[in-house]
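Asks: For reference, the sequence and a predicted model appear below.
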Amino acid sequence: MSLIDTITSHLPTAPGLLPKWLFFISVVSIFNSIQTYVNLELTKQVYGNKPEQVSPLSARTFGTWTLISAIVRYYTSFHTDDVNVYNICIASYCVALWHFGSEWLWYRTCRFDKGLFGPLIVSTLSITWMLTQKEFYTGVAA
């Protein structure tokens with residue numbers, strides 16, 4: 001078995017790109033979670049208007065929340081046909097959008113720059129994609 005075959009055998013097998021996207025985002029999120037435990041700099045970039053408010057404790061809490069979200073998204077990537085799992089995944093993106101949106105618009109800890117673009121784009125794109133494809137994957141209309 002080749003390396004490519006080995007890798008692809010561990011990817012979601014459901015049709016379409018959405019399960020692969022969820023898998024990819026979960027893997028990226030796991031690495032992001034790990035970095036919050038070892039380095040504050042990237043987390044401070046996200047909260048660029050008030051980086052002094054990023055403490056080791058807040059970064060680890062953020063990392064833990066990110067890890068839980070990654071687990072939900074990973075599980076969903078393999079179970080896109082389960083409407084309950086699918087809905088929980090959508091909710092995880094809604095929580096992320098609410099968090100980053102409120103930190104930007106309400107609390108003013110985030111700047112509209114590269115630190116915020118990733119979370120806003122990923123959460124908005126994922127929510128939209130999942131809602132428009134919900135019936136295809138789960139058989140239940142959005």
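Replies: Cool, the structure landed. Numbers count the residues shown, from 1 in each chain.
Asks: Please make it C-alpha for all contacts and neighbour counts, starting now.
Replies: Noted.
Asks: ok, Gly101 - how many residues close by?
Replies: 17 (other C-alpha atoms under 10 Å).
Asks: For the closest residue to His79 other than its chain neighbours, give me its contacts.
Replies: Nearest residue to His79, sequence neighbours excluded (C-alpha to C-alpha, 6 or more residues apart in numbering): Val85, at 7.1 Å. The neighbourhood of Val85, defined by C-alpha atoms under 8 Å, 6 or more residues apart in numbering, consists of 72, 75-76, 79.
Asks: for the top helix by length along the chain, what is the average pLDDT?
Replies: When the chain is parsed with DSSP state H, its longest helix is helix 114-138. Averaging the model's pLDDT scores along helix 114-138 yields 96.
Asks: on that earlier part again, out of the contacts of Val85, who has the most neighbours?
Replies: Most surrounded of the contacts of Val85: other C-alpha under 10 Å gives Thr76, at 25 neighbours.
Asks: helix or strand for that one, which one?
Replies: Using DSSP states H and E, Thr76 sits in helix 56-78.
Asks: need the next SSE after that helix, C-terminal direction.
Replies: helix 83-105.
Asks: Okay, buried residues for that next one please.
Replies: Neighbour counts over helix 83-105 (16 or more other C-alpha atoms under 10 Å) mark 83, 85-87, 89-90, 92-94, 96-97, 100-101, 103-104 as buried.
Asks: how far is the longest helix of the chain from where the chain is centred?
Replies: Chain-centre distance of helix 114-138: 9 Å, with C-alpha atoms, centre = their mean, to the nearest Å.
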